[in-house]
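Visitor: structure of the sequence below:
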Amino acid sequence: MKKILLSIFIAAACIFQASAQSFVDTDVHQRNVVLEGFTGRSCGFCPDAHRIANEIAAAHPGRFWAINLNAGGYSPTSYPNLNTTDGTTIHSGFSVSGYPSGVVNRGTTSSLGRGEWASATNQMLAQNSYVNLGGQVTINPFTRTATITVEAYYTGDSPQSTNFLTVVMLQDSILGSQSDYGNFNPSQWYDEGHTIYIHMNVFRDVVNSTDAWGDPINTTTQGTLVTRTYTYEIPEQIGNPNPVDVDINNIHFLAFIAESQLYVQTAQQLETVIVYENNEFEITAMANPAEGGTIEGAGTYDEGSTCTLTATANAGYTFINWTKDGSVVSTNPTYSFTVTEDASYVANFEAEVGLPGDANGDGAVDALDIVIIVNHIFGEPTEEFVFDNADVNGDGAVDALDIVVIINLIFSK
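Guide: This is a model prediction of the structure:
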């Protein structure tokens, strides 16, 4: 499930922008280019398209990025299933006449053949952009949480009052089958027999919006700085059926700004930082009432680790539930959860309602109970003694009066 938290800051006055921006400058730069290539594992000419995209990227480092978007009839759902919901939506937004094909900065409504990509790219790279883009992604590998910060500075006016910021997650080094009619891209074969292909720059998700077309920017005039921060929970797997594991060490993030669903103005790969330092949190737990039972599992835990609390009821008590801040979190005596913060838990117990007169707790009222009470009165208690059951008259004491009541109970049967 995609979970996104968003905070937005827009400063229109240049006086504040100089101190606020961290990832972009205010100079005019030429456009960068993103190629969204429509591909599939059953497409025999697609490795040639991958090769062409790789060559364009090598010719324009830091200014051109390819997205391999698996969708359509040549993209099977067998393992590794590289199809995605957002990818299918984007694919459906263009007229795709064949495979492989693609759109360069979404400059056309119809996809271009792979032979047209280089010329379209060169044309756009030579044009000035009215917006600069930059940012950073910080990943906590223990919680699989990515904090994404993106800055956009408008060096000129956009022709559209609303632009759309999209951040996509791509994954490299996914091993799987691939049709190949001519050994077009030998560098991406994993084995000499050409049975396992190394899939690169694979589209995985739009991470900054529940809409595949991005997050709207409503202030697009010269001198505007837009800063947006997103929190994204990186899934363990993507794909249904036959999902693919999302390897944190093989993902990267690409941001781009478009005037609508079409016309990407510029793009930028975001710096990715994986922070392996982990926080520690204190988990405390107590029994309520204190004599109701015992607790195990409280202590200090690393962020993202699993804590298991176990409640064991004492004799005469029954476990009811676990609560946190007064809210019930589990009715199971054993409760496991992922540690994300300091927290206190309460195991709630309830005293059992016993059988009046059953001083030894064996489920019957008879002469043995009288013996137990006599021993108690004379200071010779036994482990079997149940005070609440022995205090038949409920006066808070166990004495001869209770013995009289028990004798009456026995003879009234």
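
Visitor: CA only for contacts and neighbour counts going forward, please
Guide: Noted.

Visitor: only C-alpha atoms, please: export stretch 285-301 in CSV.
Guide: Coordinates of each C-alpha in stretch 285-301 appear next as CSV, following Å, rounded to 0.1, in the frame of the first residue of the first chain:
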residue,chain,number,x,y,z
ALA,A,285,5.0,-2.5,30.2
MET,A,286,3.1,-2.9,33.5
ALA,A,287,0.3,-5.1,34.9
ASN,A,288,-3.0,-3.7,36.1
PRO,A,289,-3.6,-4.5,38.9
ALA,A,290,0.0,-5.2,39.8
GLU,A,291,-0.9,-8.5,41.5
GLY,A,292,-2.8,-9.6,38.4
GLY,A,293,0.1,-11.1,36.5
THR,A,294,3.6,-10.9,35.2
ILE,A,295,5.0,-9.2,32.1
GLU,A,296,7.9,-10.1,29.8
GLY,A,297,9.5,-8.4,26.8
ALA,A,298,9.8,-4.8,27.8
GLY,A,299,13.2,-3.1,27.2
THR,A,300,15.3,-1.1,24.7
TYR,A,301,14.7,-1.9,21.0
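
Visitor: and that stretch, average pLDDT?
Guide: Mean pLDDT, stretch 285-301: 96.

Visitor: name the residues of that stretch that are buried.
Guide: Neighbour-count burial for stretch 285-301 flags A285, M286, A287, N288, G292, G293, T294, I295, G297, A298, Y301 (criterion: 16 or more other Cα atoms under 10 Å).

Visitor: report the beta-bridge partner residues of the last one.
Guide: Okay, so that is Y301. Counting by DSSP bridges, Y301 forms beta bridges with F281.

Visitor: filter the buried residues of stretch 285-301 down to the ones in strands?
Guide: Applying DSSP state E to the buried residues of stretch 285-301, the entries found in strands are A285, M286, A287, N288, G293, T294, I295, Y301.

Visitor: next up, the contacts around the fourth one.
Guide: Think N288. V346, A347, N348, F349 (Cα atoms under 8 Å, 6 or more residues apart in numbering).

Visitor: doesn't L368 make contact with I403?
Guide: No. Contact criterion Cα atoms under 8 Å: I403 and L368 do not qualify, at 11.3 Å.

Visitor: quick one, which of those two is more surrounded?
Guide: Legend: neighbour count by other Cα atoms under 10 Å for I403 and L368, higher for I403 (22 against 14).

Visitor: in the helix or strand hosting the more buried one, what's buried?
Guide: Following DSSP states H and E, one finds I403 within helix 400-411. The neighbour-count check on helix 400-411 (16+ other Cα under 10 Å) flags D402, I403, I406, I407 as buried.

Visitor: if we can go back for a sec, which of the buried residues of stretch 285-301 sits closest to T121?
Guide: In terms of Cα to Cα, no member of the buried residues of stretch 285-301 lies closer to T121 than Y301, at 50.8 Å.

Visitor: top helix in the chain by residue count?
Guide: When the chain is parsed with DSSP state H, its longest helix is helix 46-59.
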